[in-house]
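S.K.: no sequence for this one, just the structure:
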């Protein structure tokens, strides 16, 4: 069974930094894509950043130049480094992983979610 566990959220002042981590656990798994989403109160969930197997990345315009998505394949972990944080970055952040599970005679692919971590940017 695949599980994603997030860590790293918290309260930070404007201009500060946080690093979110998302560790995947399970047998015979390979992570294809990592995605980070966020959801502010009263808003729809928004895709913030994505990184694929080739480490190609993409970002929503509002975070370009401030956030960096990365991955450690040996640890099955994805990261989101957030710099120069703004009050409008306040949200619950969710990691999402597109995971391949090798069952020997077939491979299953599915999307899995972390539990969410609160990021609050405020004085």
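M.R.: Looks like it arrived, so ask away. Nothing here was measured: the structure is a model prediction, and the numbers come from that model. Residues are numbered from 1 along each chain as shown.
S.K.: list the helices and strands the least confident helix or strand in the chain by mean pLDDT packs on?
M.R.: Ranking every helix and strand in the chain by mean pLDDT, DSSP states H and E puts strand 107-113 at the bottom, with a mean of 93. Here strand 107-113 touches strand 3-7, strand 91-102, going by 3 or more C-beta pairs under 8 Å, 6 or more residues apart in numbering; DSSP states H and E. Placement of C-beta: from N, CA and C, glycine included.
S.K.: list the buried residues in that strand.
M.R.: Within strand 107-113, the residues that qualify as buried are residue 112, counting by 16 or more other C-beta atoms under 10 Å.
S.K.: likewise for stretch 67-79?
M.R.: So for stretch 67-79, counting by 16+ other C-beta under 10 Å, buried means 67, 68, 69, 71, 76, 77, 78, 79.
S.K.: again, but for stretch 77-92
M.R.: Judged by neighbour count using 16+ other C-beta under 10 Å, the buried positions of stretch 77-92 are 77, 78, 79, 80, 82, 85, 89, 90, 91, 92.
S.K.: contact partners of stretch 18-31?
M.R.: By C-beta atoms under 8 Å, 6 or more residues apart in numbering, the surrounding residues in contact with stretch 18-31 are 1-10, 12, 34, 36, 71, 73, 75-82, 85, 93, 95, 97-103, 112, 114, 117, 119.
S.K.: 7 Å instead, please
M.R.: Stretch 18-31 is contacted by residues 1-10, 12, 75-82, 85, 93, 95, 97, 99-102, 114, 117, 119 when judged by C-beta atoms under 7 Å, 6 or more residues apart in numbering.
S.K.: end to end on it, go ahead and measure it.
M.R.: End-to-end distance for stretch 18-31, by C-alpha to C-alpha, to the nearest Å: 23 Å.
S.K.: cool, stretch 86-106 as well?
M.R.: Terminal residues of stretch 86-106 are spaced 45 Å apart (C-alpha to C-alpha).
S.K.: make a markdown table out of the helices and strands packed on strand 107-113 and add distance to residue 50 and mean pLDDT.
M.R.: Shown next, in a markdown table, are the helices and strands packed on strand 107-113 (distance: least, C-beta to C-beta, whole Å; pLDDT from 0 to 100):
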| stretch | distance to residue 50 | mean pLDDT |
| --- | --- | --- |
| strand 3-7 | 15 | 97 |
| strand 91-102 | 9 | 96 |
